[in-house]
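> Make a model of this:
(4 chains)
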Number of protein chains: 2
Amino acid sequence: MPRVTIEKVAERAGVSVATVSRALRGLPNVSPKTRERVVSVAAMLNYRPDPNAARLAAGRTRTIAVGVVAIPIWYTGQVVSGIEAVLTSQGYDLTLLLIADEFVRSRAFGDVGGGVSKRADGAIIVDLVPTTPERTLLEGHQLPWVMVGADCPTIDSVMIDNAEGAASATRHLLDLGHTKIGLISGGPSAFPASSPPQRRMGFLRALQEAGVRFDPKAERVGDFSALGGYEAMQAILALDDRPTAVFAMSDEMAMGAMRACEEAGLDVPGDVSVVGFDDVDWAFTVGLTTVRQDATELGAIAARLMIRRLEGESCDRQVVMVPTRLVERDSTAPPAQS
Amino acid sequence: MPRVTIEKVAERAGVSVATVSRALRGLPNVSPKTRERVVSVAAMLNYRPDPNAARLAAGRTRTIAVGVVAIPIWYTGQVVSGIEAVLTSQGYDLTLLLIADEFVRSRAFGDVGGGVSKRADGAIIVDLVPTTPERTLLEGHQLPWVMVGADCPTIDSVMIDNAEGAASATRHLLDLGHTKIGLISGGPSAFPASSPPQRRMGFLRALQEAGVRFDPKAERVGDFSALGGYEAMQAILALDDRPTAVFAMSDEMAMGAMRACEEAGLDVPGDVSVVGFDDVDWAFTVGLTTVRQDATELGAIAARLMIRRLEGESCDRQVVMVPTRLVERDSTAPPAQS
DNA sequence: GGCGCCGCTGGAAGCGTTTTCACTTGCCGC
DNA sequence: GCGGCAAGTGAAAACGCTTCCAGCGGCGCC
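This next block holds a predicted model:
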C-alpha cells in the first residue's frame, strides 16, 4: 500500500502540487473548476495529507497541549471533555500532559527535556498556577496559553466564580441558622488565585458579612479526596465545640465527611449539615446539597479562546468568569435545638 | 530568539549534522569523545530537536493515539492515567481521541477525514469494540492496536476478568442466602466480548451454578450512570416479586440504586442488598460492597504492550487478564426473613 | 488599441530532521 | 609490510508538505 502523496494527486488532477495544496485547504486563488477536480481526485485516491510534513512546512502544528494535574477526577475529566469537543470540531489535535510531579512540571513549562513548544501551537493548563519563573519561561516560547480554573496574571483565564460559589454555599448554611460552621478545604495552595484560597475567601467573607465568627480549629485539609474529607471530618467532629454544619470544597470530600458523621452516629442533616462543591453526577444519590459548576463549559470556553488567539485575533487578555449555582438537596437543614 | 537547529549544533561542535543526530540519539558509531562534545554543545545552546521534522524524516511519530468513549468517567480516567504514565516515561506523546459519536468513530477507525494513521505509531482503544468492517480498515493501515477492556479477536487485548468479577459478586449474594437477585446492566452492547455481556454472563453463570433461577424481568439497563441506575432500580422495585438483592455493573449505578431504595423507604442492606463494580475512590463513603478493578494498571499494561510492539518485538497476539477482587462493605447482608 | 491589473497557476525553495552510502582512518593478522 | 576490516565520519538525498514569487492570460479602462 504505497503512500499517496500530494504529488500523486497533482499528477492525476493535471495540476501542480501548489494548486492541490491550495485547493484542498480552501485557500483563495483557485478556480472553482480546478478545485472541484482536485477535491474529487483526492477523494478517489483516498488522499490524506501527512500532518507532520504540513507541520514542518508551515511551522504550525494544529495541536494544543492540555496540561492537567490528574485526569481521573470528575472535574478534570469534564474540562478535558469540553476542550476536546471544540478542538476536534475545529480540526485541532489534543495532546495530553499529565503534570503530576515537579519533573514533568518543569519539563512542560520550561521546555527542559523535550518540552511543549515545538509540539503544540498553544497550551491549556487546567487547575495549575505557574510560579513566576515558570511564567517567565512560558512567555519565552511565544505560545499562547490559557489557564482554566485559576486566575493567572497576564494570561487568559477562564474559571468559575469560586469565591461567590463558596459564599453562596455558606450563606445557605447561615440562612438555615447555623453559626458554627466547619470548613474542609482542598490543599494548602500557595497561590491566592487558585480555587482553594478563593473558595476559602468566599466562605470567610460570607461569615464575616453575617457577623459570624470563624473558629480556625474547625478548618481541616481534605486534599480533594473522599478519604481526605472523611479524615478531616473525623478531626472536626472531635472538636470540643463541634460545628453544626460543614462546607467542603468538593463533593468527594463532602461524601467522605458524610460518612464520618454516619460512623460517629450523627445524622445528616439532623445533627450536622454538609454542603459540597461541584455537583458531580452522582451527588444526588446521597442527597448532597452542593454548588454546581459547569466544568465542560469551562473547557469549551478555554478551547474557543485558544483557537481565537491562534487564528490571529489579537485581543487584550481575557478573563472569563462562569457563574455557579447552589443546588439544594437534603444534606442541609436548620441546626438541631440544643 | 532564533530557532537553534541541528545544523547550528553541528557547526559549533565542528562535526556534521549526521554525527550530531547520531550522538544525541545514542546511536552507535560515534566515538565517546565526539559524543560528549556534541552533547555538551547541544546543552549549551539549549537545543531541542523539532519533533515534526524528526517524524517526517523517520516516518515514526513517537505518538500513541488513545481512543476513549468518554473521559469524565472514573474508570476511563484511571486507564488513561496509567497509559500516560508509562508513555511519558518512555518519551512517547499521547493524543487523545474522544470517540463519542459515529462520525468520530468512523474517522478514527477508517482514516476517513484525517484519521489516525499518520498521526500516531499505534492506537490504544479503551472500552470500544470495533465492528468487523472497522477491524478490516484498522488492519489496513499497518498500525499496531491494543484494546483495553474488551477482548477483540486478532488484536492485543488487556482487560479484567469481567465474567469472574461479576460471578464473585453474585456468589457473594448467593452465599448470603439471596435467591431473588436483580441485575442492573450497562448498555445493550452487541459485542459479546465487551464488559457488559461478560459481566452478565458471569452473573448468570453464578446463578446457574447455584441452581438459582433468574427472572428476566429483574434485569434493567442503567447506562452506567448514577441516574440510570436510579431509574433502573425504581423499575425493579416496582416488580411484583421484588428481588432482595441487586448486582449493578458499576458503582455509579449501584449508588443510584441505593438512592432509589432509600426513597422507596427500603433499607440497604436490611431490605435490599446492593453490590457494585469498580470500587471507585468514594465507594466507601456509602459503604458499597463492590468488585475492585485496577484500571490504572490496565492502562499501564496496555501501554507497555504497545511499546514492546513498536520497538520491534513481534510476538503472538497477547491477551492479558487482570484479576478482580470483591470488597465487602455494608451494602450487603442476608435477606430479611419474610 | 494599448496598458495595467487581477485571477489563477506552476516552479522551486525551504522546513529540520533521519538515513544511506561512500569514504577515511587506524589496526590487526599473516 | 600489506590486504582487509571495522569504527568513525560526512555529504547528500529523502521525507511530504507550504509558500513565495514569477509568469501568463484575459479583461476593463482610458
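> Spatially nearest residue to A:F214 (excluding sequence neighbours)?
Among residues not flanking A:F214 along the chain, A:L207 sits closest, at 5.2 Å (C-beta to C-beta, 6 or more residues apart in numbering or on different chains). Glycine gets a C-beta too; all of them are placed from N, C-alpha and C.
> For A:L24, the count of nearby residues, please.
17 (other C-beta atoms under 10 Å in any protein chain shown).
> same question but for A:A167, I mixed them up
Using other C-beta under 10 Å, A:A167 has 24 other residues around it.
> which other residues reach the helix or strand hosting it?
Using DSSP states H and E, A:A167 sits in helix A:162-176. With contact meaning C-beta atoms under 8 Å, 6 or more residues apart in numbering or on different chains, helix A:162-176 is reached by A:181, A:195, A:198-203, A:205-207, A:210, A:212, A:245, A:247, A:249, A:273, A:275, A:277, A:289-291, A:293, A:323-324, A:326, A:328, A:332-335.
> May I see the ChimeraX selection of the buried members of those residues?
In ChimeraX syntax, the buried subset of the contacts of helix A:162-176 is picked out as below (16 or more other C-beta atoms under 10 Å in any protein chain shown):
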select /A:181,195,198,199,200,202,203,205,206,207,210,245,247,249,273,275,277,289,290,291,293,324,326,332,333,335
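> Would you mind confirming that A:G91 is in contact with A:T63?
No: contact criterion C-beta atoms under 8 Å: A:G91 and A:T63 do not qualify, at 10.5 Å.
> So between these two, which is more surrounded?
Shown here are A:G91 and A:T63; by other C-beta under 10 Å, A:T63 has more neighbours (23 against 10).
> how many neighbours does the nearest residue to the more buried one once chain neighbours are set aside have?
Leaving out its chain neighbours, the residue that sits closest to A:T63 by C-beta to C-beta, 6+ apart is A:D93, at 4.2 Å. Using other C-beta under 10 Å, A:D93 is surrounded by 26 other residues.
> which residues touch A:D93?
A:51, A:61-64, A:87, B:95, B:119.
> can you pull out the helices in chain A?
A:6-13, A:17-24, A:32-45, A:51-58, A:74-89, A:102-110, A:132-140, A:162-176, A:195-209, A:226-237, A:251-263, A:295-310 (DSSP state H).
> what is the orientation angle of the first one with helix A:32-45?
Interaxial angle, helix A:6-13 versus helix A:32-45 (axes from the mean of the first three to the mean of the last three C-alpha atoms, to 10 degrees): 120 degrees.
> I'd like to know which of the helices of chain A lies nearest to B:V319.
Closest approach to B:V319 among those (C-beta to C-beta): helix A:74-89, 28.2 Å.
> Determine how far that closest one lies from the middle of the whole chain.
Distance of helix A:74-89 from the chain centroid (C-alpha atoms, centre = their mean, to the nearest Å) equals 9 Å.
> could you say what helices and strands it packs with?
Helices and strands touching helix A:74-89, by 3 or more C-beta pairs under 8 Å, 6 or more residues apart in numbering or on different chains; DSSP states H and E, are strand A:63-68, strand A:93-98, strand A:122-126, helix A:295-310, helix B:74-89, strand B:93-98.
> what about A:L98, distance to DNA strand C?
A:L98 sits 25 Å away from DNA strand C, going by C-beta to the nearest atom of the strand, to the nearest Å.
> tally of neighbours for that residue?
21.
> Any idea what it is bridged to?
For A:L98, the beta-bridge partners are A:V68 (DSSP bridges).
> residues in contact with it?
Here A:L98 is in contact with A:67-71, A:104, B:81, B:84-85, B:88 (C-beta under 8 Å, 6+ apart).
> related to what we said a few turns ago, hmm, which of the contacts of A:D93 is lowest in pLDDT?
Across the contacts of A:D93, the bottom pLDDT score, 85, is held by B:R119.
> what is A:E219 paired to in the beta sheet?
A:L183.
> pLDDT score for the residue of the stretch 51-200 of chain A found nearest DNA strand C?
Using C-beta to the nearest atom of the strand, A:A57 is the residue of the stretch 51-200 of chain A that sits closest to DNA strand C, at 3.4 Å. Note for A:A57: predicted pLDDT of 94.
> how close does it sit to B:T19?
26 Å (C-beta to C-beta, to the nearest Å).
> A:R242 versus whatever residue of the stretch 101-250 of chain A ends up closest to DNA strand D, what's the distance?
As assessed by C-beta to the nearest atom of the strand, DNA strand D sits closest to A:D121 within the stretch 101-250 of chain A, at 12.3 Å. For A:D121, the distance to A:R242 equals 53 Å [C-beta to C-beta].
> returning to what we had before: scan the contacts of A:D93 and report the most crowded one.
Using other C-beta under 10 Å as the neighbour criterion, A:I64 leads those with 29 neighbours.
> Distance of it relative to B:L96?
Distance of A:I64 to B:L96, given as C-beta to C-beta: 11 Å.
> again with A:G265
46 Å.
> Tell me which of these two has more neighbours.
It is B:L96, of A:G265 and B:L96, that has more neighbours when counted by other C-beta under 10 Å, with 23 against 7.
> A:V280 and A:D251 touch, don't they?
Yes: the criterion here is C-beta under 8 Å, and A:V280 meets it with A:D251 at 4.6 Å.
> Which residues are in contact with each of the two?
By C-beta under 8 Å, 6+ apart, the residues touching both A:V280 and A:D251 are A:W74.
> picking that back up, between A:D121 and A:R242, which has more neighbouring residues?
A direct count of neighbours by other C-beta under 10 Å for A:D121 and A:R242 places A:D121 higher, at 21 against 15.
> Wait, the more buried one touches A:W145, no?
No: applying C-beta under 8 Å, one finds A:D121 not in contact with A:W145, separated by 10.9 Å.
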